[in-house]
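A.B. asks: pasting a predicted model and its sequence here:
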Amino acid sequence: MGLSVCGFNHKTASIEDREPFQLGRAELSQAVEVYKDLAGCEEAVIVTTCNRMEFYQFTPDKCDQLPQVIKFYAERGVPNAEKLRQICYCRQKTTVARHLFRVASGLDSMVLGEDQVFHQLKEAYSSACSVGGPGPILHKIFHMAFQVGKRVRSETGIGSGPRSIPGAALEMLKGLMNGRVPESVLVCGVNEMTEIILDGLTRWGVPVYLANRTVANAEKLAAVFKAKVLALDQIGEVIPRVEAVFSATAAQLPIVNRGHFEGFSQRQNPLFLVDLAVPRDISPELRELPGVVLLDLEDVRKYLDHSESVRAGEIPQAEALIEEQVSEYSIWRAKERQRTKVLKMHRELNRLRKEELKRFKEGFHLSEYRALDAFSQSLVRDFMRLLPEVLDSEEGVDKKSGEPGDSAEVKEP
């Protein structure tokens, strides 16, 4: 029987390579249905996050999963689906559980300890459940993944400190302001990154202005966080009144430049400009202005690197919790494999027993036939009690791995 996962992530593929194969969260339910039918697997869950796409499946027989994933994308009309052969990794059996547990715990993320991926896993699992994607095996490993993800975050320091670029930017700002929160902030752009910024500022109780090229899009997000909305060409009016500016738009040229600072006078407190965009939103020459502190992605990443080096000391304990959960899964899997074999054997023995009784039925009186039927049932029961020990001794099930011949990985670029 084959439990496997095939996919790619930020370690094996660039953004450019990942983009053509990315699935939106709204597409997951239908994608699971299509993939399950195409691959002929009993169980399937598809996971999508900003940095990964993974296809989990369980089939009764061993199979090469990668061609199935390639075919799935080819039938969706994705050009050059064969590119997946260069960027995908494939894992089987117990190593699938270990991999999923690491993902759920934030150990396989771009930012160590990231908790957003935990919620994305839950969404993917829920989407698959809505169309009957997972069965007993995938239900088990995903529930165990959620359990260990919670344990790692509650019992270790992996989840402490910033776990995302916008989260690090907020923490940096607070540190530079000596623990004080800004009196007001301007946020430019409407996307997942600025949503995290807005959420953090709202939790601090900071009044926020939200600027965007398309005002209608800004109004939707602003309604959630009670921010004041303005167009990008109005930000010059607001900059003198705020203590910090966060910008993360998709603009190709800087949207905050020296022209916004004509007549700008140095204040008692500096103005913090935080540029989280690529290409940059804030002109680098503003770094030279007195009373202005400009931070960009490089500054944020250095801060994150420092935070991760502190959290890295918690990795051994997190790994130990994961291995404990892997062992739990392996033991369950070994028992499940054995239970399946026992049930199959029980059904087969009963079938043979009934066939043999039927052959000799005419040669016995009814009372004798009933006694013989009861005797044959007793023999089957006695045999079934011994069967688990027989299976263990003949197949040599490894109680630690739970999978005879457990393989590690097929391909890891």
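C.D. replies: Nice, I can see it.
A.B. asks: show the contacting residues for the nearest residue to Tyr35 once chain neighbours are set aside.
C.D. replies: Residue nearest to Tyr35 in three dimensions, not counting chain neighbours: Phe72, with 5.2 Å by Cβ to Cβ, 6 or more residues apart in numbering. Heads up, the C-betas are built off the backbone N, CA and C, glycines and all. Residues in contact with Phe72, defined by Cβ atoms under 8 Å, 6 or more residues apart in numbering, are 31, 34-35, 38-39, 55.
A.B. asks: off-centre distance for the helix or strand that contains Glu219?
C.D. replies: In this assignment (DSSP states H and E), Glu219 forms part of helix 215-225. Centre-to-centre, helix 215-225 and its host chain are 28 Å apart (Cα atoms, centre = their mean, to the nearest Å).
A.B. asks: in it, what counts as buried?
C.D. replies: 215, 218, 221-222, 225 (16 or more other Cβ atoms under 10 Å).
A.B. asks: as JSON lines, those residues with distance to Asn350 and pLDDT would be great.
C.D. replies: Shown next, in JSON lines, are those (distance: Cβ to Cβ, whole Å; pLDDT from 0 to 100):
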{"residue": "Val215", "distance to Asn350": "72", "pLDDT": "94"}
{"residue": "Ala218", "distance to Asn350": "69", "pLDDT": "94"}
{"residue": "Leu221", "distance to Asn350": "63", "pLDDT": "93"}
{"residue": "Ala222", "distance to Asn350": "68", "pLDDT": "94"}
{"residue": "Phe225", "distance to Asn350": "65", "pLDDT": "94"}
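A.B. asks: want to try JSON lines for those, with distance to Lys341 as columns?
C.D. replies: JSON lines is the format used below for the buried residues of helix 215-225 (distance: Cβ to Cβ, whole Å):
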{"residue": "Val215", "distance to Lys341": "64"}
{"residue": "Ala218", "distance to Lys341": "60"}
{"residue": "Leu221", "distance to Lys341": "55"}
{"residue": "Ala222", "distance to Lys341": "60"}
{"residue": "Phe225", "distance to Lys341": "56"}
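A.B. asks: I'd like to know which elements the helix holding Glu219 is packed against.
C.D. replies: Applying 3 or more Cβ pairs under 8 Å, 6 or more residues apart in numbering; DSSP states H and E, one finds that helix 215-225 contacts helix 192-204, strand 208-212, strand 228-231.
A.B. asks: partner strands of the shortest one and their direction?
C.D. replies: When pairs are called by DSSP bridges, strand 228-231 turns out to pair with strand 208-212 (parallel).
A.B. asks: state the three-state secondary structure for the residue nearest to Tyr35.
C.D. replies: For Phe72, the assignment made with DSSP: H, G, I helix; E, B strand; the rest coil gives helix.
A.B. asks: distance of it from Val5?
C.D. replies: 14 Å (Cβ to Cβ, to the nearest Å).
A.B. asks: how about Trp332?
C.D. replies: For Trp332, the distance to Val5 - Cβ to Cβ - is 18 Å.
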